[in-house]
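Q: following is a predicted model, sequence given first.
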Amino acid sequence: MELELLTGLQKYFYSNLTILKKLQQLSPEEILSFDLKDFLNSGLKEKDADFIVSREVLREGEMELKKAEKENVLVISKYSQEFPSLLREIDYCPFVIWVKGKKDTLSKPALSIVGTRNCSSYGKLVADSLSSELSKRGLVIVSGLARGIDTIVHSSAIEQGETIAVLGSGVDMIYPSENKRIASRIEERGAIISEFPLGTKALPYHFPMRNRIISGLSFLTIVVEAGERSGALITAKWALEQGRDVLAVPGPITSEGSKGTNFLIKQGAKPVLSWEDVWEEIPSFLKKDLKEKLEEGKIELSKEEERILSLIPLESEITIDELSLSSGIPVYEIFPVLFQLELKGLIVENPGKSYQKRIR
């Protein structure tokens, strides 16, 4: 009955964080024992109080749990041992979360990497490098599955380790739709979670709420690239309110996309120049389960791979047509070379079939 209650409460009140916080001061037993007057005295409106007292909340919760079971989705309550321990500590903690994928990912050390949807080549490069280097050392990487930095962060993390995508919709309503394929891969190598019930569409006001879950799952948050009004700054604000560290990647003072991160650094956020800067901030009790030093063998390259790699820039992008023009090699011969270079982790493909070197 407890899970039905909490699921029903989350489904009905998810858009009202103030009410959720008020109800969280009560145990499930107290909520079930309260009468209408008790709820009104605690600050609830009559229609909201009546929803609980009439036991309609239990029926709603039961229906939602049946739907989740049918969709192979887990519903985990904040009182469960499977609920992420860091998330349980925050104010405005959800009563339940919906989870698709590997639930054991939720119990591993996690940090979040976030940034703008309209990222630059520089932002893509740094996001890819940080996510890759930190995930291969055993850290779970949390982000929001949005376009831009989030997508790159998840893509790099699942190549090396595990990642958690936190949605501003139900876990069955992937947004943006072009990320459905990567979402399927995340289910296999991590988890997709949400505080929003199944069938909930992504609405603008959901994303600022969602951001507190991203930071809440993480012992620290890294902002890679963010303009002055970027949603990534909301995640940073939540992290600070939750008592978590915020780190930021510095960028050119002339770049609109770095105004937010440069401001965070000015306000005291630690600047991130490499994954080692992040490693220094990891609590010692977490490091015992992580791998700082990795054995990396020499990467063998063919003459064609060496030639193409030498033409691909680090801080900007180049298209396959431009590579063909520079090298004099037909496009159809360059494709398999690029594929091998990607497999070897030496280059990254950006949207629009453009390529750039990875930071190593």
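A: Yes, it's here.

Q: quick one, domains of the chain?
A: Structurally, the chain divides into domains by automatic domain parsing as follows: 1-70, 104-287, 303-357.

Q: could these be laid out in TSV, adding mean pLDDT and distance to I76?
A: To be clear about C-beta, it is placed using only N, CA and C from the backbone, and glycine gets the same treatment. Shown next, in TSV, are the domains of the chain (pLDDT from 0 to 100; distance: least, Cβ to Cβ, whole Å):
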stretch	mean pLDDT	distance to I76
domain 1-70	86	9
domain 104-287	95	8
domain 303-357	83	34
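
Q: how about stretch 185-198: buried residues?
A: When burial is assessed from 16 or more other Cβ atoms under 10 Å, stretch 185-198 yields the following buried residues: 186-187, 189-198.

Q: no, scratch that, I was asking about stretch 278-292
A: In stretch 278-292, counting by 16+ other Cβ under 10 Å, buried: 278, 282.

Q: from what I can see L130 touches V114, true?
A: No. Taking contacts as Cβ atoms under 8 Å, L130 lies outside contact range of V114: 11.2 Å.

Q: what is in contact with those two at once?
A: Residues touching both L130 and V114 (Cβ atoms under 8 Å, 6 or more residues apart in numbering): 153, 222, 224.

Q: list the residues that contact L145.
A: 151, 154, 165-167, 174-175, 179, 182-183, 186, 192.

Q: show me which of those residues is closest to L134.
A: The shortest gap between L134 and any of the contacts of L145 belongs to H154, at 12.9 Å (Cβ to Cβ).

Q: how many neighbouring residues does that closest one have?
A: Applying other Cβ atoms under 10 Å, we find 31 residues neighbouring H154.

Q: now swap in the one 3 residues further on and tell me
A: Here the neighbour count serves as a burial measure; for A157 (other Cβ under 10 Å) it reads 29.

Q: that older thread, in the buried residues of stretch 185-198, find the pair that's most separated.
A: R189 and P197 (25.0 Å).

Q: ok, and what's touching the helix or strand hosting L247?
A: When secondary structure is defined by DSSP states H and E, L247 falls within strand 245-248. Under the contact criterion Cβ under 8 Å, 6+ apart, strand 245-248 has outside partners 219-223, 236, 239-240, 261-262, 264-265, 269-272, 277-278, 281.

Q: how does it look with 6 Å?
A: Contact with strand 245-248 is made by 220-223, 236, 239-240, 261, 264-265, 269-270, 272, 281, as judged by Cβ atoms under 6 Å, 6 or more residues apart in numbering.

Q: please apply the same query to stretch 23-41.
A: With contact meaning Cβ under 6 Å, 6+ apart, stretch 23-41 is reached by 2, 5, 49, 53.

Q: and the buried ones among these, selectable in PyMOL?
A: Buried residues within the contacts of stretch 23-41, by 16+ other Cβ under 10 Å, are selected in PyMOL with:
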select buried, resi 5+49+53
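
Q: in helices only, show me the contacts of stretch 23-41.
A: Using DSSP state H, 2, 5, 49, 53 are the members of the contacts of stretch 23-41 that sit in helices.

Q: farthest pair within those residues?
A: For those, the maximum inter-member distance is 19.5 Å, found between E2 and A49 (Cβ to Cβ).

Q: so where do the strands sit in the stretch 251-360 of the chain?
A: Ranges of strands in the stretch 251-360 of the chain, per DSSP state E, counting those that start in this stretch, are 270-271, 318-319, 347-350, 354-357.
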